[in-house]
Structures are given as C-alpha cells and as structure tokens.
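Q: quick one, fold the following:
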Amino acid sequence: MPAPVPITLWHWAGFILVLLVFLGLDLGVFHRSSRPVKFKEALLWSAIWFCLAMLFARALGAWRGPGESLEFITAYVVEFCLSMDNVAAIALIFASLGVAAQYQHRVLFWGIFGALVLRGLMIGVGAALIHAFHWVLYLLGAFLIFTALKWAFLKPAAVPPENNPVFRLARRIFPVSTGDGDKFLTWLDGRRAWTPLALALLMVETADLILAADSIPAVFAVTQKPFIVFSSNAFAILGLRSLYFAVAGAVQYFRFLKAGLGGVLVFVGGKMLASRWVEVPVGMSLAVVAAIIAFSLGLSTILARPADGKEKEK
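A: Numbering: from 1, shown residues only. Got it, this is the predicted structure:
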C-alpha cells in the first residue's frame, strides 16, 4: 500500500473552497428567492450532503488509508447525532421570534458560516491543547460524562430566547425593528437597527456554540486529527441544517433520543478516560454509537403510539 498523502494547507484550502462553492450554489442558485423549504426538498439536500460526506470518506481512504476513512465516518456519525439537539433549539428560536418559514433557510444558511468559523477555532485550540498536554483528553472525557449525567438528572425548563443574556445584550447595542423582509440590518428613526432575522441568527450561532462544547470533545474521542475533526463537523452541520426542515416538527416525539445521546456521551467520555489502558477500535466505536442511537429512536417509535393514546384518553 502506498504511503499516506500528507495533509497540507492546500488540502485545507481546497476543502473549504469546495464547501463555499456548494454553499454559493445553494443560496445563489437554488434558493435565490426567499421561500419555504418543502419536505421533499429538505430530504433531497440532506441526501446530497450525506452522499458528499461518504464520497469524501472514500477519497480520504484512498489518500490516507482505510483507518482514517473509518475515523471520519465515525466522527461524522457522532457529530451528526449529538447535533440533533440543535434542531430543537433552532425550532424554539424561530417560534419565539416569529421567523416566517420563507426566511428560515436564509438564517440557517448564514448561520453555517459562523458555525464553521467558530468550530474551526475550537477544534484548533482543542487539538493544540491535546497535542501539548495529553491529560487534557482525560478532562474532556470527565466533562462529557458530567454532561451526560446532567442531562439524565437535571431537566431545566426551556429558557425563551428573549430571556437569554446574549439576546438582551444585543438589544442594548442596537434597537430592534418589527421586521424588514429578509434583511438583517435596517434603519429605525435614523439609527441602525437589528431586524428579527438578525436576532434569530445571533441566537442560532449562540446555541450552536454552546452545543458544540459537548459534540466537539466527543469527536476528539474518535480521533485527534484536526482535518478529520473539522471535516466531519462541517459535513454533519451542513447535513443537519438541511434535515432541519424535514424533522423539526418530529424531534419532540423521539422522547428517548436525549437519553440515547447521553449514552453516547458516556461511552465516548469513558473511552477518553480509559484511553491509556484500553484501546477501543474505531469500528467498534462506530457500532456502539450507531446501536445506542438506533435503540433510542426505535424505542421512541415503538412507545409513541401508546403514549399518544393515553394523552388522547385524558
């Protein structure tokens, strides 16, 4: 087998350029005008991003070997599953701010750019810390297990976006208009003002940053290679943002999904803590994560009808 191709700055630049080209086609060609995203269209774009991710995994296997290809697929699955929380958060933000359906794609599209930049910075810092201080890996493992336990035993009420400190700070910096179509900034009484879309974008970015604090450390349990961590994150959030329009209304019915995600965090956190003594093969990690998520979704589906029936009887 030939030696793996070294990952250089050209690979990074090429990967980011390809993403920008596809995103440009998305907004500039397929969604040039503001309109609601239909269910079938959302599924189609989700399938496209999934196929692109698998093609990338195949190319990565040819360049770097099958081991790194499997690492990418596992990291992609972990990131995609843990990012499902974003769907519920985004739906709450849009509902609270009254973002019209025809403008939601625009908010999510521009939110992708901020998410890629912020996650790229987090990944860079995390990779540098792990490379310099290996014990940081154990801290991340303990943090993931703590997060999973918090999900299991603490059930805080959903905080409306308007009560979020970032939201309130933004309104102090600029006044807020009642609406101005698909614009993010407008004029109000001679002053620059936010539009509801701008506030929605700010809240989406904030929610993504908070949730990334859980998902990115989990991906580091799979691999510490920055290029794989970033590329898997990029494909996962791009696919999930497309899938949002298809599953946003259904996520609430998967009542055991949160428990499943907590189980994933416990597994990857434990893997980090035990990495010095036990090496879990990447293929086994993928199988365990897939099994946990499949079980939680299956259990939610099986128990959904009886639960709904009891609610109707009441």
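Q: CA only for contacts and neighbour counts going forward, please
A: Noted.
Q: and the residue nearest the centre of the protein?
A: Geometric centre of the chain, nearest residue: residue 83, 3.6 Å, by Cα atoms, centre = their mean.
Q: right, and that one touches residue 213 too?
A: No: using Cα atoms under 8 Å, residue 83 is not in contact with residue 213; the gap is 10.8 Å.
Q: which residues do the two both contact?
A: By Cα atoms under 8 Å, 6 or more residues apart in numbering, residue 83 and residue 213 have no common neighbours.
Q: hang on, the earlier thing: and the residue nearest to the centre of the chain, how close does it get to residue 65?
A: From residue 83 over to residue 65 the distance is 27 Å, taken as Cα to Cα, to the nearest Å.
Q: how about residue 40?
A: 36 Å.
Q: ok, those two, which is more surrounded?
A: residue 65 (17 against 11; other Cα atoms under 10 Å).
Q: please name the nearest non-neighbouring residue to the more buried one.
A: For residue 65, ignoring the flanking residues on the chain, the nearest one in space by Cα to Cα, 6 or more residues apart in numbering is residue 4 at 6.5 Å.
Q: what about the one you found, which SS state?
A: coil (DSSP: H, G, I helix; E, B strand; the rest coil).
Q: quick one, strands of the chain?
A: Secondary structure of the chain, counting by DSSP state E: strands at 185-188, 191-194.
Q: paired strands for the first one, with orientation please.
A: This points to strand 185-188. Strand 185-188 pairs in its sheet with strand 191-194 (antiparallel), by DSSP bridges.
Q: now do the partner strand, average pLDDT.
A: The pLDDT scores in strand 191-194 average 77.
Q: with stretch 74-94 instead?
A: On average, stretch 74-94 scores 83.
Q: so which bits of it are buried?
A: Counting neighbours by 16 or more other Cα atoms under 10 Å, one finds that the buried residues in stretch 74-94 are 74-94.
Q: please apply the same query to stretch 45-58.
A: 45, 46, 49, 50, 53, 54, 56, 57, 58.
Q: take the buried residues of stretch 74-94 and keep only those in helices.
A: Residues of the buried residues of stretch 74-94 located in helices (DSSP state H): 74-82, 84-94.
Q: ok so, going back, how much space between the residue nearest to residue 65 and residue 67?
A: 11 Å.
Q: what of residue 79?
A: 18 Å.
Q: please apply the same query to residue 81.
A: From residue 81 over to residue 67 the distance is 21 Å, taken as Cα to Cα.
Q: then residue 38?
A: Applying Cα to Cα, the value for residue 38 to residue 67 is 38 Å.
Q: next one: residue 303
A: 38 Å.
Q: could you check how many residues crowd around the nearest residue to residue 74 once chain neighbours are set aside?
A: Counting by Cα to Cα, 6+ apart, the nearest residue to residue 74 once its immediate chain neighbours are dropped is residue 286, at 5.1 Å. Look at residue 286: counted by other Cα under 10 Å, it has 19 neighbours.
Q: quick one on the thing from earlier: just give me the neighbour total for the residue nearest to residue 65.
A: 12.
Q: mind listing the helices for the stretch 201-314 of the chain?
A: Secondary structure of the stretch 201-314 of the chain, counting by DSSP state H, counting those that start in this stretch: helices at 226-247, 257-273, 282-313.
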